[in-house]
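Visitor: Here you go, sequence then predicted model.
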Amino acid sequence: MDQTVSDACGLERHISSISFWQAVSAGGFKSGEDPLRMILHCDLDYFFAQCEELSNPGLSTKPLVICAYSGRTEDSGVVSTANYVARKLRVNSGLPIIQAKKILEGSNATYLPIDRPRYESISDRVMAIFSAHVGIVEKASIDEAYLDITEQVQLDLTEGRNLAQSLKRDIRREEGLSCSIGLGASKVVAKIASGFVKPDGLTIVPSYQSAEFLSPLPVDKLPGIGKKTQERLRGMHLETIGDLAKSNIQYITAAFGKKMGTYFHLASRGMDKDPVRPRLGPEQLSRIVTLKENSRDTDMISLELEDLAQDLHAKALKHGLQFRSVGIIAVLENLVAKTRTKTLDQPNSSIDIIRGSSTELLRTLLEETDLQIRRVGIQLSNLTPTTGQTFLAEFMERPPSTP
Ligand SMILES: [Mg+2]
C-alpha cells in the first residue's frame, strides 16, 4: 500500500512531540476564546469507481468511468466518477459522457452506470467502522464523514494521527477501500486537508497553522465558493484564501451579504464553529456500547445486544422506518473493528428479526476470530418509510451546516 503521510507546511516535526495542549499552554490561551477542537474529515477516494474496481480488479489498470446517464440518448449524461487512470487523461466528474468517450477513444476504457444500492451498503459499513472507533460521526455524504475526536485523543496530535491511521487501516482491511483523511481544528480545515493529498493521503494541520495552511490555496478550495463566486472575487483582486483573510470584512460583506461575507471572513482564517453533528444519515440507525469487560461469551454479549435491539427498534418505530439490513459492529481487543451485515428479502420492522439476525451475526463473527470483543453494536440500514414519504422527509431534515 502506498500511503502518503503529508503534513501541510512541512510540519512533520511537530507531530511527534507537541500536542495541542502543550502548544496552547506555551502560546497563551485567552479566556473567552472557543475551546480548541480536533476534527477528522474522511473522504473515500473516487468512491463509485473504487467500488466497481473492488468487484472487478481487472478494471483498475484501465480508465474506468461511472456514468450518470440522463436517459435521453444512449450517451447523454455526465461522468459521475472516474478512476485515477481516467483522471490522468483529464476525464473528471461533470464531463459530458460523449466528450469522455472522445478523449478515451482507443484506451480500452470501461463505462458503467451508477449502482447506488451497492455503493450505499458499502458506505453503511464504512460509517459503521467510523462509529466503532469514534463517538461523534457526521455522515456528510455517501463517501464523506466528519469525526470529532477532540475528547478521545485529548487534543494530542500524535494520538490523532494514530487514530486516523487505524481508520485507514480498518477501511482497507475490512472493505478493501482507500480513503484520504484531513485533520484540523475546524470542519473547513479538515475538509480542505483531506483533499490536499489524494488518493490514500493523510494531512495533518495543527490548529496554530490553520491560517498558514489555507493562505496560499485558491479561494475555490473553501467549501461554498464555486466558479462564479471565484470569478467575482478575482474581480476584487482576491485570488487566494490568504487574500480573503487579509481583506476588510465590510468590503466582503458589502459584496456578498452579511451571512456569506462573515462565513468567508471566518472560514478563510480556518475559524469555523460548525459542530460535528452526530448523524449517520437517514440511511441507517446504529448504536454501539463498550462491554464491561472484553468477552467471547455469547450469552453475556447477547444481553447487551438485547438492549441495543430494543433501543433501535424503538427509534425505527418513532421515525416510521423499516429496515432491510441488520448489521453487527464489533471492536476486538486489539481495537480492530469488524462489521457483518445481513440483508433481508423484504423491508421489516420486527424486533425479533433484529434480535435473531444480530445474534446469528455475532456467532459468525466469533467463529472468524479468536480474539475477545471489546465493543459491540447493531446497525439497521437500507431504511424506508413504513407509510408514505412524510416520515422520511421529516427524518432527513437537518440543521443548516457549513456550505
Ligand atoms: Mg470522495
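Guide: Yes, it's here. Residues are numbered from 1 along each chain as shown.
Visitor: Show me which helix or strand of the protein is least confident by mean pLDDT.
Guide: Comparing every helix and strand of the chain by mean pLDDT, DSSP states H and E singles out helix 12-17 as the least confident one, with a mean of 32.
Visitor: Can you name the residues of the stretch 51-200 of the chain sitting close to the ion?
Guide: Within the stretch 51-200 of the chain, the residues that sit near the ion (CB under 5 Å from the ion) are residue 143. C-beta: built from backbone N, CA, C; applies to glycine.
Visitor: Below-threshold pLDDT in the stretch 51-200 of the chain: ranges please.
Guide: Along the stretch 51-200 of the chain, the model assigns pLDDT under 70 to no residue.
Visitor: the helices in it, which residues?
Guide: Per DSSP state H, counting those that start in this stretch, the stretch 51-200 of the chain carries helices over the ranges 84-88, 97-103, 116-133, 150-153, 157-175, 187-194.
Visitor: Any chance of JSON lines for those helices, columns distance to residue 243 and mean neighbour count?
Guide: Supplementary listing: the helices of the stretch 51-200 of the chain in JSON lines, determined by distance: least, CB to CB, whole Å; neighbours: other CB atoms under 10 Å:
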{"stretch": "helix 84-88", "distance to residue 243": "29", "mean neighbour count": "17"}
{"stretch": "helix 97-103", "distance to residue 243": "33", "mean neighbour count": "16"}
{"stretch": "helix 116-133", "distance to residue 243": "35", "mean neighbour count": "21"}
{"stretch": "helix 150-153", "distance to residue 243": "30", "mean neighbour count": "17"}
{"stretch": "helix 157-175", "distance to residue 243": "29", "mean neighbour count": "19"}
{"stretch": "helix 187-194", "distance to residue 243": "16", "mean neighbour count": "27"}
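Visitor: I'd like these laid out as a markdown table, including distance to residue 45.
Guide: Converted to a markdown table, these look like this (distance: least, CB to CB, whole Å):
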| stretch | distance to residue 45 |
| --- | --- |
| helix 84-88 | 8 |
| helix 97-103 | 19 |
| helix 116-133 | 12 |
| helix 150-153 | 24 |
| helix 157-175 | 10 |
| helix 187-194 | 10 |
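Visitor: Now do the helices in the stretch 301-403 of the chain.
Guide: Taking DSSP H, counting those that start in this stretch to define them, one finds helices in the stretch 301-403 of the chain at 351-367, 390-396.
Visitor: Pick the most buried one from the ones you listed.
Guide: With neighbours defined by mean count of other CB atoms under 10 Å, none of the helices of the stretch 301-403 of the chain is more surrounded on average than helix 351-367, at a mean of 17.
Visitor: CA atoms only for it, dumped as PDB, please.
Guide: Taking only C-alpha atoms (Å, rounded to 0.1, in the frame of the first residue of the first chain), the coordinates of helix 351-367 have been written out as PDB:
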ATOM      1  CA  ILE A 351     -37.700  -6.700  16.900                       C
ATOM      2  CA  ASP A 352     -37.400 -10.500  16.600                       C
ATOM      3  CA  ILE A 353     -35.600 -10.100  13.300                       C
ATOM      4  CA  ILE A 354     -33.200  -7.600  14.900                       C
ATOM      5  CA  ARG A 355     -32.500 -10.000  17.800                       C
ATOM      6  CA  GLY A 356     -32.200 -13.100  15.600                       C
ATOM      7  CA  SER A 357     -30.000 -11.600  13.000                       C
ATOM      8  CA  SER A 358     -27.700  -9.800  15.400                       C
ATOM      9  CA  THR A 359     -27.200 -12.900  17.500                       C
ATOM     10  CA  GLU A 360     -26.500 -15.000  14.300                       C
ATOM     11  CA  LEU A 361     -24.000 -12.400  13.000                       C
ATOM     12  CA  LEU A 362     -22.300 -12.300  16.400                       C
ATOM     13  CA  ARG A 363     -21.800 -16.100  16.300                       C
ATOM     14  CA  THR A 364     -20.400 -15.900  12.700                       C
ATOM     15  CA  LEU A 365     -18.100 -13.100  13.700                       C
ATOM     16  CA  LEU A 366     -16.800 -15.000  16.700                       C
ATOM     17  CA  GLU A 367     -16.100 -18.100  14.600                       C
END
